[in-house]
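[1] model the structure of this input:
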Amino acid sequence: MLKYKIGTVGAVMLMLTIVVAHTLLSLPRDILVVTGSATILNLIYITAIALCLAYLIYRMLSNFPGLDIIDISKLLGGKVFQKIIGIIFISYFILSGGIMLRNFCEGLKVIYYPMTNIVFILLMFIVAVCIANRLDFNATLKTNLLILPLVLAGMLFLFFANTKNFAPQRIFPILGHGITQTFVTGLLNLSAFGGIAYLYFLPPLLKEPKNFKKITLISVGVTAIYLLLCVSTILFMFSSFINSNEISPLYNATRYIEFGSFFQRLESVFLLFWMLAFACYLSIVTKFSMNIFKKITCISTKKPLIDIFGLLIFAVALLPENFAVSSKIESSFYPYLVLSVVFVLGISILCLANWKKRKKESINGKEVPNE
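    So this is what the prediction gives:
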């Protein structure tokens, strides 16, 4: 798929890109809306489920060494089926990237550029992504490897710097809106682990395939800790955000950080790193989409696709009429998109492929003695 290989730490950071990009927007608030004061309990619950599903994906992918889900789809249903699955995953990456880009740029517009047309803010990211994708993908991965740890460390800093503003009693009642809302409806929060989507494409890219299991478990574990920090910060500080339409609860949390009279108003520093992280996310999404397209069409070069896929994300970002519409799509449509594509479709393909492989091996095993 690609000429270079990804190391263990780089692969973990790659999978964390989606959740980081999403939490910079409204993910913490959306999770809180579903489960209220029971959100921490719910996150522990869905983390256990995400670990089980990720481990299941790892085990089934391990039966097809060096192949990703696009290759496995070809083995399962032929070239036509491979093309269908490839188009579905490309659509998933482009749609989610476009909607997140629109919401992130709407936040920038409100915070820093209230008089600027949203089109120009969107183009700023699209142009940057197109330029980045003309470089070797290894450059994007190295940038991501540099930026993501800073964002993760920043979230840890944000949590502990605001402990003086916390009201821990907001965790009560423990079961929030009730058992059904916490453990049944709350399953929607599994979409927060959308980074698992990259698991399907990692096997051919790893420098050390033997570390695939480690990458899977560590990435889900770090995602869970990161989500707990984000949600706990919002829950303990702003009960009003649970039903609010604020642009970014986490951005507002950064405005409360103070260390004497010198270290104040650190939100600009946070926003700078968040912008870089979001640009890395868009670059990775575009690159993976192009790689899938190249595989299902057998084209020789991806260079003509760079601007095309950049424009596709730009077009999706322009589809919502305003921020209210794009925010509604993100909170109402995105969770179902992740659950259906990443968990239902992806796991179903792997299950069927493994069943077909075992059946074929069983038939071949029976034929050998007769020969």
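[2] now Cys280. Nearest residue, chain neighbours left out?
    With sequence-adjacent residues excluded and distances taken as Cβ to Cβ, 6 or more residues apart in numbering, Cys280 is closest to Asn144, at 4.3 Å. Just so you know, the C-beta spots here come from the backbone N, C-alpha and C atoms, and that holds for glycine as well.
[3] got a list of what the one you found touches?
    Gly10, Met13, Leu14, Thr17, Ala277, Cys280, Ile284 (Cβ atoms under 8 Å, 6 or more residues apart in numbering).
[4] secondary structure of the fourth one: a helix, I assume?
    Yes - with DSSP: H, G, I helix; E, B strand; the rest coil as the criterion, Thr17 is located in a helix.
[5] hang on, it packs against Tyr281?
    Yes - between Thr17 and Tyr281 there is a contact under Cβ atoms under 8 Å: 4.8 Å.
[6] neighbour count winner among those two?
    Taking other Cβ atoms under 10 Å, Thr17 and Tyr281 do not tie; Tyr281 has more neighbours (28 against 23).
[7] and whichever strand or helix holds the more buried one, how far out from the chain's middle?
    Element membership for Tyr281, per DSSP states H and E: helix 267-297. Once both centres are worked out by Cα atoms, centre = their mean, to the nearest Å, helix 267-297 turns out to sit 10 Å from its chain's centre.
[8] which outside residues touch the following helix or strand past it?
    Using DSSP H and E, the helix or strand that directly follows helix 267-297 along the chain is helix 303-318. Outside helix 303-318, the residues within contact range by Cβ under 8 Å, 6+ apart are 94-95, 97-99, 101-102, 105, 119, 122-123, 126-127, 129-130, 133-134, 282, 285-286, 289-290, 293-294, 299.
[9] where are the low-confidence patches of the stretch 1-150 of the chain?
    Judged against pLDDT under 70, the low-scoring parts of the stretch 1-150 of the chain cover residues 1-4.
[10] please enumerate the strands of it.
    Applying DSSP state E, counting those that start in this stretch to the stretch 1-150 of the chain gives no strands.
[11] what's the most distant pair in the contacts of Asn144?
    Spatially, the most separated pair among the contacts of Asn144 is Gly10 and Ala277, at 14.8 Å (Cβ to Cβ).
[12] so for the two, which residue has more residues nearby?
    Neighbour tally, Gly10 and Ala277, criterion other Cβ under 10 Å: the higher count belongs to Ala277, 22 against 19.
[13] right, and that one touches Ile18 too?
    No - between Ala277 and Ile18 there is no contact, the gap being 10.9 Å when judged by Cβ under 8 Å.
[14] hmm, back to that, and which of the contacts of Asn144 is nearest to Phe201?
    Ranking the contacts of Asn144 by separation from Phe201, with Cβ to Cβ as the measure, puts Leu14 on top at 9.5 Å.
[15] kindly tell me how buried the closest residue to Tyr200 other than its chain neighbours is, as a neighbour count.
    Beyond its immediate neighbours in the sequence, the residue positioned closest to Tyr200 (Cβ to Cβ, 6+ apart) is Ile69, lying 3.8 Å away. Neighbour count for Ile69, taken as other Cβ under 10 Å: 27.
[16] residue contacts, Ile69?
    Leu61, Ile85, Phe89, Tyr200, Phe201, Gly346, Ile349, Leu350.
[17] and what of Leu190?
    By Cβ under 8 Å, 6+ apart, the contact list for Leu190 reads Ile46, Ile49, Ala50, Val338, Leu339, Phe343.
[18] quick check, pLDDT for it.
    Per-residue confidence (pLDDT) for Leu190: 93.
[19] Glu367 now?
    According to the predicted model, the pLDDT of Glu367 comes to 52.
[20] can you tell me which of the contacts of Leu190 are in helices?
    Secondary-structure check on the contacts of Leu190 using DSSP state H: residues within helices are Ile46, Ile49, Ala50, Val338.
[21] which non-adjacent residue is nearest the second one?
    Meaning Ile49. For Ile49, the nearest residue in space outside its immediate sequence neighbours is Leu190; the separation is 6.2 Å by Cβ to Cβ, 6+ apart.
[22] pull up the gap between the one you found and Tyr45, please.
    Summarising the geometry, the distance separating Leu190 from Tyr45, computed by Cβ to Cβ, to the nearest Å, is 10 Å.
[23] same question for Leu175.
    Using Cβ to Cβ, which is the criterion applied here, Leu175 is 11 Å from Tyr45.
[24] between those two, which contacts overlap?
    Between them, Leu175 and Tyr45 share these contacting residues under Cβ under 8 Å, 6+ apart: Thr182.
[25] contacting residues around Tyr198?
    Ala11, Leu14, Met15, Ile18, Phe288.
[26] how does it look with 6 Å?
    For Tyr198, the contacting residues are Leu14, Met15, by Cβ atoms under 6 Å, 6 or more residues apart in numbering.
[27] sounds good, over and out.
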